[in-house]
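Chemist: Predicted model and sequence below, questions to follow.
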Amino acid sequence: MSKFKEEKALKNQKEKSKGTLPFLDKAFFKEESNVFHNSRSCNEDSKNEDKIEAWKSRKKHFFILSRAGKPVYSRYGDEMIISEYMGIIQIIISFFHSKEDNLRSFASKNLTVVILLEGPLYLVGISKLHESETQIKAQLNILYTQITTMLTLDKLLNIFVHKENFDLKRLLGNTKIFLDALSDVIIEGEPSILLNGLQCLRLRRSIRMKIDSILIKAKAKKLLYGIIVSNLCIIKLFLLFSMIFNTTSFKDGTEHWIPLCFPKFDPKGFTYCYITFISESTAIVLISTDKNTFFEMRQMKQKIINDFNVHNILNVIKFAETSYTTSDTNAPYLYHFIYKSRADVQFTMPQWETSENIIQKQKIMKIYHKLHSLTQKKSYSRLQFISTKNYIAIAWITSIFEFFTIAKPETTKQHLIKNVNSVLKWIKKEEYRLFIKNGATF
């Protein structure tokens, strides 16, 4: 159902049901409410009011609840704050469901709400960042995949078949930290999420081939998958990367043996991940379907470390983490760019300038999100263009690549074309350093 039809239906239902749906009044959409208007039952105590105001000031929220309306997860706010709002969400969804109309999204000028029904769960994204429905839905899908990764899809479905009112939040327990870490990465505008791709370290082809040969040489008999990952680094891989690099518990220098379900690989069972950091920012991840292979994976890890030391691989990786800048691509008019190779499902971008603070990075990513949303429309031109007094932004989509760039506002059309072509030429020359073309297979 289109947003226009949903909004029209919403208006008609409101007119037909005056006095019966107070949660659908205009206050629901007001900017100053950020997400929802204050509930009458909120504690008037000043401390609680401060908490509520801080919660409402967030630009983005994620909620997960069961079909029965039980809260499962919220990135921000304690139970006192979120419980009633989740109840309101559940009432709204149920109202449309009773009319045989599965509500997917609704929006006002400054607020977009997207609802995703997956299995026994409702996932809700509420954003003031001018993101498209498609973008928010993709983010909700990733959060759902994270839950099934921790529980297995079959277990999640069976739980609610036997007990509709089951409290899933209790079962998730301490794994909430992984959902928090993933939510934070999404909210910060991580390009891997936006582009559904991975960023690889820029390494010489000969170094990649050496790493491949080391992995093959050290391979354990029951190894399913092995990866060397760095801070710079397809959803199941991103979930794993997010868990490793955004939760401090994995960076304590010890070894971890974690059961994870990858639903598209096996929705009924777990694979087992051996995870350990071999330097401050580099981790080895070895995956097996056999839960009894911990020591076999540990032995493989040690063989890899020994060969890495012989060939000075860790120092090469550390140096590669500095990446490159826009000046390396001979494109002086470009602030920044992102290039995605569609065939490789990988992307590359220059490192952030040291002068760019977190706020500036977030502004740049917001522009990329806006550009990307323009390319998600059903009828879109392969070339999208945004021009303001502060910047010029372009999205160029072809069957081979997706290219997004932000240029200085004074850039002429001639200079822009020249700089973009310069970047594309440089990427073509560096292709085997920027992207993993042929990984080690065994």
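Modeler: Done, it's in.

Chemist: Identify the residue nearest Ile193 in space, chain neighbours excluded?
Modeler: Nearest non-adjacent residue to Ile193, counting by CB to CB, 6 or more residues apart in numbering: Ile186, 5.5 Å away. For the C-beta atoms, the positions are set from N, CA and C on the backbone; glycine is no exception.

Chemist: Now do the same contact list for the one you found.
Modeler: Phe62, Gln139, Ile142, Leu143, Ile193 (CB atoms under 8 Å, 6 or more residues apart in numbering).

Chemist: can you give me how far stretch 127-141 is from the chain middle?
Modeler: Average the C-alpha atoms of stretch 127-141, do the same for its chain, and the two points are 10 Å apart (CA atoms, centre = their mean, to the nearest Å).

Chemist: swap in stretch 373-384?
Modeler: Counting by CA atoms, centre = their mean, stretch 373-384 comes out at 21 Å from the chain centroid.

Chemist: what stretches of the stretch 101-250 of the chain score poorly on pLDDT?
Modeler: By pLDDT under 70, the low-scoring segments of the stretch 101-250 of the chain are 101, 231-250.

Chemist: can you list contacts of stretch 50-65?
Modeler: 33-35, 38, 42, 71-78, 81-82, 85-86, 89-90, 121-129, 139-140, 143, 147, 183, 186-187.

Chemist: ok, back up a step: show me the contacts of Ile186 that map onto helices.
Modeler: Counting by DSSP state H, the contacts of Ile186 place Gln139, Ile142, Leu143, Ile193 in helices.

Chemist: count of residues packed around the last one?
Modeler: The reference is to Ile193. For Ile193, the neighbour count with other CB atoms under 10 Å is 21.

Chemist: And the third one, by the same measure?
Modeler: The tally of other residues near Leu143 (other CB under 10 Å) stands at 22.

Chemist: Surely it touches Ala181?
Modeler: No: look at Leu143 against Ala181 with CB atoms under 8 Å: they stay out of range, at 11.4 Å.

Chemist: so how far is the first residue of stretch 102-109 from its last?
Modeler: This stretch, stretch 102-109, spans 22 Å end to end (CA to CA, to the nearest Å).

Chemist: which residues touch Ala320?
Modeler: By CB under 8 Å, 6+ apart, Ala320 lies in contact with Leu201, Arg202, Leu203, Ser230.

Chemist: Go again with 7 Å.
Modeler: When contacts are counted by CB atoms under 7 Å, 6 or more residues apart in numbering, Ala320 touches Leu201, Arg202, Leu203.

Chemist: Mark out where each domain of the protein begins and ends.
Modeler: When the chain is parsed with automatic domain parsing, its domains come out as 3-187, 199-320, 326-434.

Chemist: Now do the strands in the stretch 101-250 of the chain.
Modeler: Along the stretch 101-250 of the chain, counting by DSSP state E, counting those that start in this stretch, strands occupy 105-107, 112-118, 121-127, 198-199, 225-230.

Chemist: name the helices or strands packed onto the shortest one?
Modeler: By that I understand strand 198-199. Contact partners of strand 198-199 among helices and strands, from 3 or more CB pairs under 7 Å, 6 or more residues apart in numbering; DSSP states H and E: strand 346-348.

Chemist: The third one now?
Modeler: For strand 121-127, the elements it packs on are strand 60-66, strand 112-118, helix 133-151, judged by 3+ CB pairs under 7 Å, 6+ apart.

Chemist: Next, format the ones you listed as a markdown table and append distance to Ile406.
Modeler: Compiled in a markdown table, the helices and strands packed on strand 121-127 are given as follows (distance: least, CB to CB, whole Å):
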| stretch | distance to Ile406 |
| --- | --- |
| strand 60-66 | 22 |
| strand 112-118 | 23 |
| helix 133-151 | 18 |
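
Chemist: and the ones you listed, which is most packed in?
Modeler: Counting by mean count of other CB atoms under 10 Å, strand 60-66 has the highest mean neighbour count of the helices and strands packed on strand 121-127, with a mean of 23.

Chemist: Next, the angle helix 133-151 makes with that strand.
Modeler: For strand 60-66 against helix 133-151, the angle by axes from the mean of the first three to the mean of the last three CA atoms, to 10 degrees is 50 degrees.

Chemist: If we ignore the residues flanking it in sequence, what's nearest Ala103?
Modeler: Not Ala; residue 103 is Leu. Using CB to CB, 6+ apart, the closest residue to Leu103 is Phe96 (4.0 Å).

Chemist: Provide the angle between the direction of whichever strand or helix holds that neighbour and the direction of strand 112-118.
Modeler: Using DSSP states H and E, Phe96 sits in helix 79-98. With the same axes, to 10 degrees defining the directions, helix 79-98 sits at 70 degrees from strand 112-118.
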